[in-house]
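Trainee: predicted model and sequence follow; I will ask about them next.
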Amino acid sequence: MQAQRYDALFTPTSVGDVELTNRVALAPMTRVSATAEGLPTNQMGGYYRRFADGGFALLITEGLYIDHQASQGYLFQPGIADAAHAECWKRVVDGVHEAGAKIFAQLMHAGSQSQGNPHMDSTLGPSAVRPRGEQLAMYRGSGLFQTPKAMTGEQIGEVREAFVNAARMARDAGFDGVEIHGANGYLLDEFLTDYLNTRTDAYGGSVANRVRLAAEVCRDVVEAVGADLAIGIRISQGKVSDNHHRWRGAEEDAAVIFSTLGETGIDIIHTTEYRALAPAFADTDTTLAAMAKKYSGLPVIVNGNLDDPRDAAAMIDSGAADIVALAKPALANRDWPRRVRGGQPLSPDLPTDLLGPIANVKDWEVVGARGDS
Ligand SMILES: Cc1cc2nc3c(=O)[nH]c(=O)nc-3n(C[C@H](O)[C@H](O)[C@H](O)COP(=O)(O)O)c2cc1C
């Protein structure tokens, strides 16, 4: 039988000035395998390199904390907050480049979803509202999240500066781009979220106000490093602490959010949904990715349950997105692009102990000695 070729996935494209050999990206995945000081290790270098060797044209790192204050979310999470972090990331980046792929650093402030931070006992958020749900056991958490302290105007300014500093560190490390983490219930998404943000200043109330901080961070980063790096932002409705959240204003909110972000000078928007192919809201048949594209006018990376290459290719063919990002399917198949292109079968299953009891990188993941492709 003739293997299907899914050509849509294997045409070149670019993000800003960064050229990609295909349209399949590794989605960001926190793996809590750094040193206690947030330095990436050789093991992590081997982990990322395997995806590059496997044909992913673009790798997006796990979320990296951006300062030595409140941004860290997890113990043993890597950082990009200082020159020592940048120096160590350079080795990881060089390995990925040698294998012919590009790599973006995901810049993350954990906000009130922080559950492990040696620098702070308390967490920060837009308002003193506790996130729903419970801390993640796979990242050494248990019980409820803390109720965060509502950020002052001065602290908002410090966070903006921290994103810029981290973007500069990413540039110094040789990254091709940065992805600002505006999704999944972390700080920038908390500002966007009606029930977590009860502020009465310019950052609260209307959706235009709630997206303000994300847009300011985008502009700040573009101004600081836009000439050197590709810059994107990741946006979602769902959260680590509230998977099923939907924007109350539905497409009207999407229009404000994506058009505002589209005007900041960034190069790309990355949307993530539980199922990327599903309509974004109850009263529409349009996906969130397609709305991002329509209202921002920017290229789009799409993520969420795109394991089946037919679904992944359909997102590109339909014009809804330009690049697909894979998380769990990539863990199950480190060489997903090569396999799909070569018509080889894909493994649908994650090895059972991969993310448990702790979601750290295991040595067999790096050397490929176990059944993970
Ligand atoms: C172990 C794990 C860690 C994750 N860490 C991050 C992260 O650091 N940053 C982020 O934006 N998303 C993170 N995600 C979400 C994934 O990027 C992705 O959105 C989600 O797994 C759905 O995509 P998939 O269906 O391809 O797995 C993580 C997911 C998993 C499974």
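Mentor: Looks like it arrived, so ask away. Just so it is clear, the model here is predicted, and its values are computed rather than measured. Residues are numbered from 1 along each chain as shown.

Trainee: which parts of this structure sit against the ligand?
Mentor: Remark: the part of the chain in contact with the ligand comprises 27-30, 62-63, 106, 181, 183-184, 234, 272, 303-305, 326-329, 355, 359, using C-beta under 6 Å from any ligand atom. (C-beta placed from N, C-alpha, C; glycine too.)

Trainee: look up phi and psi at Gly232.
Mentor: Backbone torsions of Gly232, given as degrees, to the nearest 10, read phi -140, psi 170.

Trainee: isn't it right up against Thr271?
Mentor: No - proximity of Gly232 to Thr271 does not meet the contact threshold set by C-beta atoms under 8 Å, at 10.7 Å.

Trainee: which residues are in contact with each of the two?
Mentor: Ile301 (C-beta atoms under 8 Å, 6 or more residues apart in numbering).

Trainee: flag the shaky bits of the stretch 251-373 of the chain, pLDDT-wise.
Mentor: 369-373 (pLDDT under 70).

Trainee: at 80 instead, please
Mentor: Low-confidence segments of the stretch 251-373 of the chain (pLDDT under 80): 368-373.

Trainee: which parts of it are strands?
Mentor: Using DSSP state E, counting those that start in this stretch, the strands found in the stretch 251-373 of the chain span residues 268-272, 300-303, 323-326.

Trainee: what's the answer for the stretch 51-200 of the chain, then?
Mentor: 58-65, 102-108, 124-125, 149-150, 177-184.

Trainee: turn those strands into JSON lines, columns for distance to Ile316, mean pLDDT and mean neighbour count.
Mentor: What follows is the strands of the stretch 51-200 of the chain, written out as JSON lines (distance: least, C-beta to C-beta, whole Å; pLDDT from 0 to 100; neighbours: other C-beta atoms under 10 Å):
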{"stretch": "strand 58-65", "distance to Ile316": "14", "mean pLDDT": "98", "mean neighbour count": "27"}
{"stretch": "strand 102-108", "distance to Ile316": "18", "mean pLDDT": "99", "mean neighbour count": "28"}
{"stretch": "strand 124-125", "distance to Ile316": "36", "mean pLDDT": "98", "mean neighbour count": "26"}
{"stretch": "strand 149-150", "distance to Ile316": "42", "mean pLDDT": "98", "mean neighbour count": "16"}
{"stretch": "strand 177-184", "distance to Ile316": "19", "mean pLDDT": "98", "mean neighbour count": "28"}
